[in-house]
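1. What follows is a predicted protein model with its sequence.
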Amino acid sequence: MQNSTTVKFISINPGRLLLLVSSMLLAACTTSTAQVSHNKAATATTIAANAASVSQLDLDDPRDFEEATRGLIASPEDLQIPSLADPTKYVWDTKAYNFIKGEAPDSVNPSLWRQAKLNNIKGLFEFRPDIYQLRGFDLSNMTLIKGDTGWIVVDPLTSKETAKYAYDFAMQHLADRYPDMSTNISAVILTHSHIDHFGGTLGIISKEEIDKNNIPVIAPLGFMEEATSENILAGTAMMRRSSYMYGKDLPRNQYGHVGSGLGKGPAFGQFSIVEPSVLIEKTPTNLKVDGVDFQFQYTPGTEAPAEFTFYLPKYKALAGAELVSRNMHNLYTLRGAKVRDALQWSNYIEEARNKFGDAEYYFASHHWPMWGKENIQTFLKQQRDMYKFIHDQSLRRINKGMTPGEIAEDIKLPPSLASEFSNREYYGTVKHNARAVYQNYIGWYDSNPAHLDPLPDPQRAAAYVKLAGGSQNVMAQAQSSFDAGNYRWAAEILNHLVFDDPDNMSARELLAKTYEQLGYQAESGPWRDNYLTGAQELREGTPDVGVEMSAMRDVFLQTPVPNFFDALSVRLKSEEVNGLNTNLQVNFIDINENYLLWIENSVLHYRLLDGSNAPQNEVKTTLNLTQPLFVDLLIGEIGFKEMLTSADSSVDGNQGDLLTFFSLFETPDPSFGIVLPE
C-alpha cells in the first residue's frame, strides 16, 4: 500500500493534464451503461420548435446517404472492439447506437437525427480504385492509399485497438483484390495534431518496424509540440468539460447521447504517438511517397494548430483533412481551448479551392466523400463563406457596439448557406462561433462597467433570489416560464436558485427538466450533450471521474520533459510557500537531461542544466531516474516507494526533503462542480 505522501506525489501527475492532447481527446468517450431514471417526454413546445427548425430542410434528400454508402465493400455487424487493458470492456461499440433508425423521436432534433444515421454507416469503402476508407470504426476515418510496395495509411484513428481492428478488417477484404500486394505499411500520414488522427499508430505498426524499414511518417510542422502539449496546463478542466461536450456518461438512447455530429464519439483505448520523420512546413510541398505523388497544403492555425491537406494529382483527389467537414466546425470548442481564427480558416479553404481546382474526388478525416468537380467546388465555396460570414458579420456587430450575447442572438446564416446540410450546426454553432470571433478580437470584457468586477456566482445567486422575494417566488416564476415553453429564461432563474440552495431538489429537478427540453431541441450534438449531462448531474450529483493514465504511456514517453514541469507549476499551493525558497535537481540518466527546479516568490521555476549554468545556490536533494520510470510514476504504474527502490533511480541527499518538496503541490479535482456549486 502506498503511504499518504506517495499518494500526494502521484496525484500531481501531469498525465491528466495531457489527456486532452487534442480537440478530440477531450472527446474521449466510453460507452456508458448508466440507466435513465427520468426519461421525460418532449413537450409540445419542443416538438413544435424541432419541426420549425427543419421546415426549410429536405430531410428526405437521399444524396448524402447515397454518397455515404457508395463503394461499400464490407461492413462488420454490431461492431464492438474490446479494450487491450480490460477485454471485458469495449473501447468502441456501434451496437449501442442501433436504436438510431427510422423517423426521429420527439426527443431528438430531426436534423441531428439524420446526421446520426449517416454517422452510423460503417465499413470498408472503395473511394476509387487504389484508395479505400475505413469509416465508423472510430470518431475519425482511416484512409488507405496503394503504394508501389505497401499501403500508405492516412490518419490511423484514436486508439491502438480501433486502428488494429480497422486495418486488419481492410486487409482481410482487400487480399483478393491485390493478391500480389502485401499487408505492409509503406508510409504513415498524420494530417493534424489531434489524437483521433494519430493515437492508433502503434496499433498498426511498431516503432521498430518504422525504424528498421525507414518508413516515412509525414506530419505538419509543429506536430509533436502540439500533439504532446495542447491543453496541458488547463487539461484537468478541459477533461471535465469534455465529459459534458461529448456526453461521456449519458446513456446511448433517444433521451441521451446520439452522436457528436462529427461522428459518434472517440474511442477511449490505448493511445500512442510516433515522431514524424518528414515535416510539411510550406505550400506547396511536393513529395513522392512510395511511388505516389502528393501535393501538400500547409494550413496551420485552422481546425488544429498543426495541420495540412493534400492533393493526389494521379487520382484528382483532394484530402481535406479537417479543414472542411460535413458540418459546421468549432471556432471555439465547448470543452475549452484557444479560439480559432475564422478569417484564416476561410482563406485556407479558398487557397485549397484554387490550388486543387482540378479535384474530381474529395475525402476527409471525418464523414463521407464527395464526387464531381462542380460538387466539390460548390462545397468548398460554401464552407469558405460560412466561416467568413460568421467572421465578417460578427465584427460588423462588434463595431456597432453589440455585446457577445447580442451578436449571438442577432446573427443568422443566409439561406444559401444555412440550407446546406454540410453547413448545419451539428458540431459548432453560429451562436458560440460568433462569440469566439468576439473573444478573438475583443476579449472577455464588453466594456460595461457593471461587468468589470461582478460578484462571484454564489453571491450573485443569493442576491437575486432575495431580490425575487425568496425561493418560492423563483420556483413559481420558473414553473410558469417552463409551462410557457420559455426554457432559456427558466434555466436562467433556476440556475440562480440552485447555486443559492443546491439542496433544493425541487429546483434541481425543474432545472433538469428544463435542460432536457433544451437538449432535445439542439441540432448540435455537443449542445445536446451539454444540456443532458447537466440534467443528469442535477439529479444524480457530480460523478467520480476515473481515468486510466496507463493508456497514455506511449504518448508520455514522447512528451518533452519541460511539459511536465509546466504542468507542475500550475499546481503549486502558493499560499503555503510564501517566503519559502527551496530547490530540487532532477537528472534523467537515460536521456542525459538535468533540470533544476526551484521555488521563489511563490512561483515554481525550472531550467535545463547544460554545464554552463550550474545552480547558484546549494542543491540539497537530487533525484536521479530514467524517463520511463518517471512516466510510470506519473501514470500510477508504480508508487513513490517503488520508484525510490528501483535500480533505475537514486537520491542524493535527504529523501524527506524530496517528499516535502512534492507535498507543496495540490491535486486538482477532476470532477469539480459545473451545474452545482463546489
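-> Noted; the coordinates are in hand. Numbering: from 1, shown residues only.
2. Show me the strands in the stretch 501-650 of the chain, by range?
-> Assigned by DSSP state E, counting those that start in this stretch, the stretch 501-650 of the chain shows strands spanning 582-588, 593-600, 603-609, 622-625, 649-652.
3. Dump those strands to CSV, plus distance to Glu161, mean pLDDT and mean neighbour count.
-> The C-beta positions use only the backbone N, C-alpha and C, and glycine is treated the same way. Putting those into CSV (distance: least, Cβ to Cβ, whole Å; pLDDT from 0 to 100; neighbours: other Cβ atoms under 10 Å) gives the following:
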stretch, distance to Glu161, mean pLDDT, mean neighbour count
strand 582-588, 31, 94, 19
strand 593-600, 32, 95, 18
strand 603-609, 36, 95, 15
strand 622-625, 30, 96, 19
strand 649-652, 32, 94, 15
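4. Can I get those strands in TSV including distance to Ala306?
-> Converted to TSV, the strands of the stretch 501-650 of the chain look like this (distance: least, Cβ to Cβ, whole Å):
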stretch	distance to Ala306
strand 582-588	26
strand 593-600	24
strand 603-609	24
strand 622-625	31
strand 649-652	34
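5. Among these, which comes closest to Ser75?
-> Ser75 sits nearest to strand 582-588 of all these, at 47.6 Å, using Cβ to Cβ.
6. Can you say which of the strands of the stretch 501-650 of the chain is nearest to Arg384?
-> Nearest of the strands of the stretch 501-650 of the chain to Arg384, taken as Cβ to Cβ: strand 603-609 at 43.8 Å.
7. so what does that closest one touch, helix or strand wise?
-> Using 3 or more Cβ pairs under 8 Å, 6 or more residues apart in numbering; DSSP states H and E, the elements in contact with strand 603-609 are helix 561-569, strand 593-600.
8. Export these as JSON lines, with columns for distance to Tyr387.
-> Formatted as JSON lines, the entries for the helices and strands packed on strand 603-609 read as follows, by distance: least, Cβ to Cβ, whole Å:
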{"stretch": "helix 561-569", "distance to Tyr387": "31"}
{"stretch": "strand 593-600", "distance to Tyr387": "42"}
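9. where in this protein is pLDDT low?
-> 1-39, 231, 545-548 (pLDDT under 70).
10. Surely Phe99 is in a helix?
-> No. Assigned with DSSP: H, G, I helix; E, B strand; the rest coil, Phe99 falls outside any helix and is coil.
11. Next, the buried residues of the longest helix along the chain.
-> Across the chain, the longest stretch assigned as helix under DSSP state H is helix 373-398. Across helix 373-398, burial judged by 16 or more other Cβ atoms under 10 Å covers 376, 379-380, 382-391, 393-395, 397-398.
12. Packing partners of that helix?
-> Short answer (3+ Cβ pairs under 8 Å, 6+ apart): helix 373-398 packs on helix 342-355, strand 361-363, helix 404-410, helix 415-418, helix 430-441.
13. So which of the helices and strands packed on strand 603-609 is nearest Val430?
-> So among those, helix 561-569 is nearest, using Cβ to Cβ, at 34.8 Å.
14. Which neighbouring elements make contact with the closest one?
-> Under the contact definition 3+ Cβ pairs under 8 Å, 6+ apart, helix 561-569 sits against helix 15-18, strand 593-600, strand 603-609, helix 627-634.
15. redo that, cut-off 7 Å
-> Packing partners of helix 561-569 (3 or more Cβ pairs under 7 Å, 6 or more residues apart in numbering; DSSP states H and E): strand 593-600, strand 603-609.
16. Export these as CSV, with columns for distance to Gly102.
-> Shown next, in CSV, are the helices and strands packed on helix 561-569 (distance: least, Cβ to Cβ, whole Å):
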stretch, distance to Gly102
strand 593-600, 59
strand 603-609, 57
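17. do you know which of those lies nearest Asp341?
-> With Cβ to Cβ, the closest approach to Asp341 among the helices and strands packed on helix 561-569 belongs to strand 603-609: 31.4 Å.
18. Starting from the closest one, tell me which strands it pairs with and how they run.
-> The pairing partners recorded for strand 603-609 under DSSP bridges are strand 593-600 (antiparallel).
19. What is the distance between the partner strand and the centre of its chain?
-> Chain-centre distance of strand 593-600: 32 Å, with Cα atoms, centre = their mean, to the nearest Å.
20. Show residues contacting that strand.
-> 561, 565, 577, 580-587, 604-609, 615 (Cβ atoms under 7 Å, 6 or more residues apart in numbering).
21. could you pull out the strands for the stretch 201-350 of the chain?
-> 217-220, 278-280, 285-289, 292-298, 308-312, 317-319.
22. Nearest to Ile635, out of these?
-> strand 217-220 (24.3 Å).
23. Residues in contact with the closest one: which ones?
-> By Cβ under 7 Å, 6+ apart, the residues outside strand 217-220 that reach it are 187-190, 192, 210, 274, 276-280, 298, 300, 306-308.
24. Filter those down to the buried ones.
-> Buried subset of these (neighbour count, 16+ other Cβ under 10 Å): 187-190, 192, 210, 274, 276, 279-280, 298, 300, 306-308.
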